[in-house]
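Novice: Below are the sequence and a predicted model; questions follow.
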Amino acid sequence: YKIYTYHVFTQRPCPKKQRYGYMYWHALNRKKLYDVLQVFVGTHDFKAFSKKNGEVDTIRTIIAIDVEDDHELGFIITIKGISFLQYMVRRIVGSALAIASDEQRSKEEIVSLLKNNNVFVKNLPKAPAKGLCLEKIVYQGESI
């Protein structure tokens, strides 16, 4: 499996660090963010969260998602999964941030997208590449 982290800054970082995270200016509900991210855990069809490609199987398994404080700048989202599609992590993070920062939206939007496996949503929010880091690849039989 692979472990990705995504750094989200809620305070302006120093210039040395700003390239390593996404500065998110909108106020957001951290509990709602965590709840939305937990919807992705499990085996789902992630067609709506990938780059459109008709030949690729889009069923993937997310083992765990965690959100931890980066007390200095914001927080870090950690996603552990068996395999990922192109743009999948960035779209998961982007859509979760969008829902968590809008009181009118709910995690049911994500539930609906994951259940409807014939949908490809072109305008799904995609977090920028800066902030995303492949932290580790764990091979079969290897322990962390």
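Specialist: Everything's here; your move. Numbering: from 1, shown residues only.

Novice: just checking, next helix/strand downstream of the helix or strand containing K80?
Specialist: If you go by DSSP states H and E, K80 is part of strand 74-81. Sequence-wise, the next helix or strand downstream of strand 74-81 (DSSP H and E) is helix 88-100.

Novice: after that next one, next one along is what?
Specialist: According to DSSP H and E, the helix or strand after helix 88-100 is helix 108-115.

Novice: Run through who's touching that next one.
Specialist: 36, 39-40, 44-46, 48-49, 95-96, 99, 119, 121, 124 (C-beta atoms under 8 Å, 6 or more residues apart in numbering). The C-beta positions use only the backbone N, C-alpha and C, and glycine is treated the same way.

Novice: Quick check: buried residues in it?
Specialist: E109, I110, L113, L114 (16 or more other C-beta atoms under 10 Å).

Novice: Please list all residues in contact with I77.
Specialist: Residues near I77 by C-beta under 8 Å, 6+ apart: T5, Y6, V8, L37, I65, D66, V67, V93, A96.

Novice: What subset of those is buried?
Specialist: The buried subset of the contacts of I77 - by 16+ other C-beta under 10 Å - is T5, Y6, V8, L37, I65, V67, V93, A96.

Novice: between those residues, which is nearest T78?
Specialist: Proximity of the buried ones among the contacts of I77 to T78 was ranked by C-beta to C-beta; the top entry is T5 with 5.2 Å.

Novice: which SS state does that closest one fall under?
Specialist: Put simply, T5 is strand when judged by DSSP: H, G, I helix; E, B strand; the rest coil.

Novice: hang on, the earlier thing: export the buried ones among the contacts of I77 as TSV, with columns for pLDDT and distance to I77.
Specialist: Listed next are those as TSV, based on pLDDT from 0 to 100; distance: C-beta to C-beta, whole Å:
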residue	pLDDT	distance to I77
T5	96	7
Y6	97	4
V8	95	7
L37	97	7
I65	98	7
V67	96	5
V93	96	6
A96	95	8
